[in-house]
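1. my questions are about this predicted structure, shown below with the sequence.
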Amino acid sequence: MNSPLLLGVNIDHVATLRQARYRTMLGAHNVEPSILEAALTAEAAGAHSITIHLRADRRHIVDEDVYLLREKIGTLLNLEMGNTAEILAIALQVKPDFVCMVPENREEVTTEGGLDVVGQKNALQSSVSQLEANGTRVSMFIDPDLDQVRASAEIGASMIELHTGTFANEQGAQRAQETLRLQAAAELGHSLGLQINAGHGLTTKNLPELFSVPHLAELNIGHSIVARSVFVGLRQAIEEFAAIMSRYPHA
């Protein structure tokens, strides 16, 4: 029997709420909400990993958060990052359990679209090699494009995270077509020895339709969980996702 589908909880938007008021006074005694409390709550609710994105502009997660979570959480730490020398140096020092390499545009509200591994193979291969040698498993956040899957394997990544944003945003025939692309990418990645993760735009409503995609190991979900937590609390929001994920038929 295969392993169950795991949940990585992205807590970036807990930091977004904090930064809305306390961006310039993070050392104050009354700063809230607590990133650490969010991570520990996610752990208690059954999260397999805690995901954070240290952006170049530090719009939500800041350096102190990365070091604090690395020290304090008991589960696995997944650091999303752009392929820059500054963030790579931090990752090599912190040694997160996972790194997910993502595209990064200062103008975007959130990550839009997958990383162009094909066009950046040399630069990405160098970073992947350093991180993997340092004990961190590396994932490429890519669109479900077969060339991008092959390139991810060729540069030595352990995992891919399939970008599900198009799947989430479309309906009807367009969603069905994107689901076929996700299925093909997952099949190819699995055949190449890659762990298959997925994320972006996933909700409790669209998640069951994703379950036709085989070989999924872990889903990384943030915005929908944090949005739902406004009404029911973080723990219940996570448990609702976990309950649906327990029905993944390929586990």
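-> Sure, I can see it.
2. tell me how far Ser224 lies from Val117.
-> Per CB to CB, to the nearest Å, Ser224 is found 26 Å from Val117. Bear in mind the C-beta positions are built from the backbone N, C-alpha and C, glycine included.
3. and the two? Which one has more around it.
-> Comparing Ser224 with Val117 by other CB atoms under 10 Å, the one with more neighbours is Val117, at 27 against 21.
4. what is the burial count for the closest residue to His200 other than its chain neighbours?
-> Excluding the flanking residues, the one nearest His200 by CB to CB, 6 or more residues apart in numbering is Gly165, at 4.2 Å. Around Gly165 there are 19 other residues, counting by other CB under 10 Å.
5. from Leu219, how far off is Gly165?
-> According to CB to CB, Gly165 stands 13 Å off from Leu219.
6. cool, His190 as well?
-> His190 is 16 Å from Leu219, by CB to CB.
7. residues in contact with the nearest residue to Leu192 once chain neighbours are set aside?
-> Closest residue in space to Leu192, ignoring its immediate chain neighbours: Ala153 at 4.2 Å, by CB to CB, 6+ apart. Ala153 makes contact with Gly189, Leu192, Gly193, Leu194 under the criterion CB atoms under 8 Å, 6 or more residues apart in numbering.
8. what score does the last one have for pLDDT?
-> Going back to what we said before, that points to Leu194. We have a pLDDT of 98 for Leu194.
9. contact partners for it?
-> Counting by CB under 8 Å, 6+ apart, the residues that Leu194 touches are Val149, Ser152, Ala153, Ala157, Ser158, Met159, Ile160.
10. 7 Å instead, please
-> Listed by CB atoms under 7 Å, 6 or more residues apart in numbering, the contact set of Leu194 reads Ser152, Ala153, Ala157, Met159, Ile160.
11. with the first one instead?
-> Applying CB under 7 Å, 6+ apart, one finds that Gly189 lies in contact with Val149, Ile160, Ile196.
12. contacts for whichever strand or helix holds Gln93?
-> Per DSSP states H and E: Gln93 is located in helix 85-94. Contacting residues not belonging to helix 85-94 are listed as 54, 56, 63, 66-67, 70, 79, 81, 99, 127, 130-131, 134, 136 [CB under 7 Å, 6+ apart].
13. try stretch 211-229
-> Residues from elsewhere that reach stretch 211-229 (CB under 7 Å, 6+ apart): 5-14, 48, 51, 78, 161, 179, 182-183, 186-187, 190, 195-199, 202-203, 237-238, 240-241, 245, 248-250.
14. so which of those residues are in helices?
-> Among the contacts of stretch 211-229, the members found in helices (DSSP state H) are 12-14, 179, 182-183, 186-187, 190, 237-238, 240-241, 245.
15. for this protein, what helix or strand is lowest in average pLDDT?
-> In the chain, no helix or strand scores lower on mean pLDDT, DSSP states H and E than helix 12-22, which sits at a mean of 93.
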